[in-house]
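Visitor: Have a look at this prediction, sequence included:
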Amino acid sequence: MVYIAVYIVRERKVILMMTAKVFKNGRSQAIRLPKECRFSSDEVMVNRIGDMVILLPKQNKWESFMRAIDMFSDDFMEDERTRDIVQEREAL
């Protein structure tokens with residue numbers, strides 16, 4: 001198993017990514033997940049965003065999402081949120 005440090009979040013905790021094997025299963029592509037990443041259900045929700053594939057448990061998907069959101073520090077994107085954007089518009 002290979003671990004790769006991806007980025008640093010709250011309190012200088014390092015998030016580690018694991019590698020997984022991609023293989024063919026008949027005419028389908030499959031991924032052999034590491035033991036630590038196994039799902040407890042038989043189905044997952046799949047979404048592709050660019051070259052990234054996201055897997056979520058079909059049950060309790062919002063619970064997983066909220067846990068992921070909690071990983072960001074309180075000052076995440078603070079500069080971006082406080083910046084006022086003034087839009088130029090034509091008078092009516």
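Guide: It's in. Numbers count the residues shown, from 1 in each chain.

Visitor: List the contacts of Glu43.
Guide: By Cβ atoms under 8 Å, 6 or more residues apart in numbering, the contact list for Glu43 reads Lys58. For glycine as for every other residue, the C-beta is placed from the backbone atoms N, C-alpha and C.

Visitor: Can I get the longest helix anywhere in the chain as PDB, trimmed to CA atoms?
Guide: Scanning the chain for the helix with the most residues, using DSSP state H, yields helix 61-69. Extracted in PDB, the C-alpha atoms of helix 61-69 (Å, rounded to 0.1, in the frame of the first residue of the first chain):
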ATOM      1  CA  LYS A  61     -24.600  10.300   1.700                       C
ATOM      2  CA  TRP A  62     -25.200  13.600   3.500                       C
ATOM      3  CA  GLU A  63     -23.600  12.400   6.700                       C
ATOM      4  CA  SER A  64     -20.400  11.600   4.700                       C
ATOM      5  CA  PHE A  65     -20.500  15.000   3.000                       C
ATOM      6  CA  MET A  66     -20.900  16.800   6.400                       C
ATOM      7  CA  ARG A  67     -17.900  14.900   7.800                       C
ATOM      8  CA  ALA A  68     -15.800  15.900   4.800                       C
ATOM      9  CA  ILE A  69     -16.800  19.600   5.300                       C
END
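
Visitor: Packing partners of it?
Guide: With contacts taken as 3 or more Cβ pairs under 8 Å, 6 or more residues apart in numbering; DSSP states H and E, helix 61-69 sits against strand 52-57.

Visitor: OK, contacts around the residue positioned nearest the centre of the chain?
Guide: Central residue of the chain (Cα atoms, centre = their mean): Ile54, 6.5 Å from the mean position. For Ile54, the contact set (Cβ under 8 Å, 6+ apart) comprises Val46, Asn47, Arg48.

Visitor: Got the domain ranges for this structure?
Guide: 1-37, 39-72 (automatic domain parsing).

Visitor: Pro57 pairs with what?
Guide: Val44 (DSSP bridges).

Visitor: list the contacts for it?
Guide: Phe39, Ser40, Ser41, Val44, Met45, Ser64.
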